[in-house]
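S.K.: Have a look; sequence and predicted model below, questions after that.
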Amino acid sequence: MSNFVHIHLHTQYSILDGASKISELMEIASTLGMPAVAITDHGNMFGVKEFHNAAKEKGIKPIIGIEAYVARRGMSETTVKDDRSGDHLIILAKNYSGYRNLVKLVSLSWTEGFYYKPRIDKELLKEYNEGLIATSACIAGEIPTAILNNDPETAEQVALEYREIFGDDFYLEIQRHKTGDPYYDNDTLAKQNTVIEGYKKLSELTGIKIVASNDVHFLKAEDAEAHDRLICLNTGKELDDPDRLRYTKQEYFKTEEEMRELFHDCPEAVDNTMEIAAKVEHYELDHEPIMPEFPIPVEFESKDDYLRHITYEGAGERWGEISDELRERLDFELETIKKMGYPGYFLIVQDFLRAAREMGVSVGPGRGSAAGSAVAYALRITDIDPIKYRLLFERFLNPDRISMPDIDIDFDEDGREQVLKYVVEKYGHDRVAHIITFGTMAAKGAIRDVARVQKLQLSDADRLAKLVPERPGITFRQAYEEVPELKRERNSDNELIARTLQYAEALEGSVRQTGTHACGIIIGRDPLNEHIPLSIAKDTDLYVTQYDGNHVESMGLLKMDFLGLKTLSIIRDAVDNIKLSKGIDVDISKVPLDDSKTFELYANGETTALFQFESDGMKKHLRELKPNRFEDLIAMNALYRPGPMEYIPKFIKRKHGLEKIDYLLPEMEVHLRDTYGITVYQEQVMLLSQELAGFSKGEADSLRKAMGKKK
């Protein structure tokens, strides 16, 4: 077991500055027997949830933190050059209370303090200091700057100021990057040693403890050259630019032995990393669902009562007379929704869809598992009758497994913004946010980026990049297996080519930029910065979450997909033009599903601009299938995806009587008759598992999920 932990570490989420991939970081920390490790990315918490999960999996204590920018004249000041960055300060969460304060600080640094960089100030630290540990950071911190300016009085004053804020949880942080290269040792190392000597005196004077760090930016010593190229990308400089930013190449994940050798003159600084780690408690970030508050009319006692009332009201309009079978289905769904705590979810969705229609926005009929809910159909959340098409509620909400509902909601392109505006006005600007996305360096792009920095000839860079197969998500490993010529170039006689591939490979998967999810929206019950760190983005007035879509729901936050669909805009415009030219009002939700002329278009493959039917491959299969009933179109939509695609020829032959329809077991016919004996839908898998294996509805859904595409 190591008796040293890294308390200052930049992952790849210190974008284009850190090159430590979290999964690899945990492997190394585990191998070295480190009991804990910190994450301290520059001004953000982008990687915190991934880091926390990965550390727990390895049995390592995660220390959540940031390297903050402290505005010199206060975070509201934005007039002089000094306001553009700020002094560095490491802040670590000691417990869950500290984590929430860290979330608050980081969010406010973006939403209120952003000026070139996300900034906080000491006033904010005084307000949100509970549960936090702080260190003076690298030589870009305020106290080191004073020491390097030969101003020990200011250094002491600032140190006491921070001790006033953090008490015994404030430390003086030292670093020592010995290289043997006079360029670095006469500059960076000399400054670091000056700060260390200053800190020894300051510690004696004030009693503030010293702690050692290595300001980790990459994981292995041999990663230094790839990291150097990353810095060039970040700063827009070429490798041979004499004025560019350079690191010492010592900023790697050092062992306890290496750190003790570096700080042989102050071993207590290494020991104090363990003191900090011991102060940090184990705490969970995952949270039960936090549903937004939905106001209900005073005559109803609860959301459950109100949801039941409007569901039965809508069911009467949808189905007319409510049969015993339908009542049983609705009651089962309502009871499940109540038990899971989601009545508010349904009320929120039906409310903004009602508002959308009143604003004249085109709303899609519903996609995905939500179409299996009779309650959703009664509330006009979906427009597909689940009873008629034998769709299953358990695929949407499994009573055996609590998971957040997920409804994909489609609007016409212009209308999406109107609906978002309605949601923001209803729930509050601080309770609605876009979801962040992270663009990573793919193999092809990494080659071009590194080649540009290294001044590799454009023709060579272009040739190498084109050797990588054109396929989303392809990795260097896959590309080398598929393209022997590319693999040979790794050992090219042209050293520049070989190094370009070597460094591109090392940087593959690094985060290159942030963006916002095309449709993902978060709606919170409280101001979102009570639960999740927020940032800002250029093209939107809404806040943006700092955790991506893989993590926001586990934090208990309600995620909804608001998709702007071009095809809905086309339909809306067509309806408007028919009214204009013919004077006819067309209700698109009431068009017949057995129109022979429409089926002729499908059978001829004339499906350009029809959602999910417009690809060349789909058109080819439609011409062979010659669909003449709505069920054929449903089946083609389900089959046209990786995996089930191989059954399309069999489906077409069986429809046209060219192949015998057979069933493995006679009991299967009742569920597979409509699809000619082929299991096409996930609902069929669920029904068959209940019929043949006696699965419960919940177990049937768990089976469906286990064989789903996402795993």
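M.R.: Perfect, I can see it now. Being a predicted model, the structure only gives us computed values, none of them experimental.
S.K.: In stretch 414-433, which residues are buried?
M.R.: Burial within stretch 414-433, assessed by neighbour count using 16 or more other CB atoms under 10 Å, is assigned to 415-416, 419-420, 422-424, 426-427, 430-433. All C-beta atoms are positioned from the backbone trio N, CA, C, and that covers glycine.
S.K.: now the strands for this structure?
M.R.: Counting by DSSP state E, the chain has these strands, from start to end: 36-42, 61-70, 87-93, 119-120, 132-135, 170-174, 210-212, 408-412, 432-440, 511-523, 534-535, 543-548, 558-565.
S.K.: okay, the angle between the longest one and strand 543-548?
M.R.: Put plainly, it is strand 511-523. Angle, strand 511-523 to strand 543-548, by axes from the mean of the first three to the mean of the last three CA atoms, to 10 degrees: 120 degrees.
S.K.: Sheet partners, orientation included, of strand 511-523?
M.R.: strand 432-440 (antiparallel), strand 558-565 (antiparallel) (DSSP bridges).
S.K.: Next, format the ones you listed as JSON lines and append mean pLDDT and distance to Gln192.
M.R.: As requested, the strands paired with strand 511-523 are exported to JSON lines (pLDDT from 0 to 100; distance: least, CB to CB, whole Å):
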{"stretch": "strand 432-440", "mean pLDDT": "95", "distance to Gln192": "32"}
{"stretch": "strand 558-565", "mean pLDDT": "89", "distance to Gln192": "45"}
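S.K.: Out of those, flag the one nearest Gly59.
M.R.: For Gly59, the closest of the strands paired with strand 511-523 is strand 432-440, at 26.5 Å, according to CB to CB.
S.K.: Report the buried residues of that closest one.
M.R.: Neighbour-count burial for strand 432-440 flags 432-438 (criterion: 16+ other CB under 10 Å).
S.K.: got a list of contacts for that strand?
M.R.: Strand 432-440 is contacted from outside by 13, 46, 420, 423-424, 509-517, 520-524, 528, 534-535, 537, 540, 542-549, 552, 559, using CB atoms under 8 Å, 6 or more residues apart in numbering.
S.K.: Show me which of these are buried.
M.R.: 13, 46, 420, 423-424, 509-512, 514, 516-517, 520-524, 528, 534-535, 537, 542-549, 552, 559.
S.K.: Please, where are all the helices along the stretch 451-600 of the chain?
M.R.: Along the stretch 451-600 of the chain, the segments classed as helices by DSSP state H, counting those that start in this stretch run 458-467, 476-482, 484-489, 495-507, 566-582, 596-603.
S.K.: same question, the stretch 201-350 of the chain
M.R.: Under DSSP H, counting those that start in this stretch, the stretch 201-350 of the chain gives helices at 224-235, 256-262, 267-279, 303-319, 324-340, 343-358.
S.K.: And the first one, what does it pack against?
M.R.: Think helix 224-235. helix 443-454, helix 495-507 (3 or more CB pairs under 8 Å, 6 or more residues apart in numbering; DSSP states H and E).
S.K.: Packing partners of the longest one?
M.R.: Which is helix 495-507. helix 224-235, helix 443-454, helix 458-467, helix 476-482, helix 484-489.
S.K.: pLDDT below threshold where in this structure?
M.R.: Within the chain, the segments meeting pLDDT under 70 span 401-402, 708-711.
S.K.: ok so, going back, can you lay out the helices and strands packed on helix 495-507 as CSV showing distance to Tyr184 and mean neighbour count?
M.R.: What follows is the helices and strands packed on helix 495-507, written out as CSV (distance: least, CB to CB, whole Å; neighbours: other CB atoms under 10 Å):
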stretch, distance to Tyr184, mean neighbour count
helix 224-235, 12, 20
helix 443-454, 20, 23
helix 458-467, 30, 16
helix 476-482, 31, 16
helix 484-489, 32, 15
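S.K.: Can you add distance to Lys254 and give these back as TSV?
M.R.: Output for those, formatted as TSV (distance: least, CB to CB, whole Å):
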stretch	distance to Lys254
helix 224-235	12
helix 443-454	26
helix 458-467	34
helix 476-482	27
helix 484-489	33
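S.K.: Quick check: which of these is nearest to His656?
M.R.: helix 476-482 (37.6 Å).
S.K.: Could you report the distance from Thr679 to Leu610?
M.R.: 26 Å (CB to CB, to the nearest Å).
S.K.: Just list the residues touching Tyr663, thanks.
M.R.: Neighbours of Tyr663 in contact, by CB under 8 Å, 6+ apart: 669, 672, 677.
S.K.: Ignoring the adjacent residues along the chain, who's closest to the last one?
M.R.: Going back to what we said before, that points to Gly677. Residue nearest to Gly677 in three dimensions, not counting chain neighbours: Ile661, with 4.5 Å by CB to CB, 6 or more residues apart in numbering.
S.K.: Could you double-check that that neighbour lies in contact with Arg654?
M.R.: Yes - with contacts counted by CB atoms under 8 Å, Ile661 reaches Arg654, the gap being 5.2 Å.
S.K.: Ala19 contacts Gly509, correct?
M.R.: No - using CB under 8 Å, Ala19 is not in contact with Gly509; the gap is 10.1 Å.
S.K.: Find residues that contact each of the two.
M.R.: Common contacts of Ala19 and Gly509, defined by CB under 8 Å, 6+ apart, comprise Gln12.
S.K.: partners of the residue nearest the centre of the chain in the sheet?
M.R.: Among the residues of the chain, the one closest to the centroid is Asp548, at 1.7 Å (CA atoms, centre = their mean). Listed by DSSP bridges, the beta-bridge partners for Asp548 are Ile436.
S.K.: same thing with the one 10 residues further on?
M.R.: The bridge-partner assignment for Leu558, based on DSSP bridges, gives Ile523.
S.K.: Quick check: which of the helices of the stretch 201-350 of the chain is nearest to Leu692?
M.R.: Minimum separation from Leu692 across these (CB to CB) falls at helix 324-340, 22.5 Å.
S.K.: just to revisit the earlier point, show me which of the buried residues of stretch 414-433 is closest to Thr78.
M.R.: Closest to Thr78 out of the buried residues of stretch 414-433 is Asp430 (21.8 Å), distances taken as CB to CB.
S.K.: Phe562 versus the closest one, what's the distance?
M.R.: 18 Å.
S.K.: and if you look at Ala446?
M.R.: From Ala446 to Phe562 the distance is 33 Å (CB to CB).
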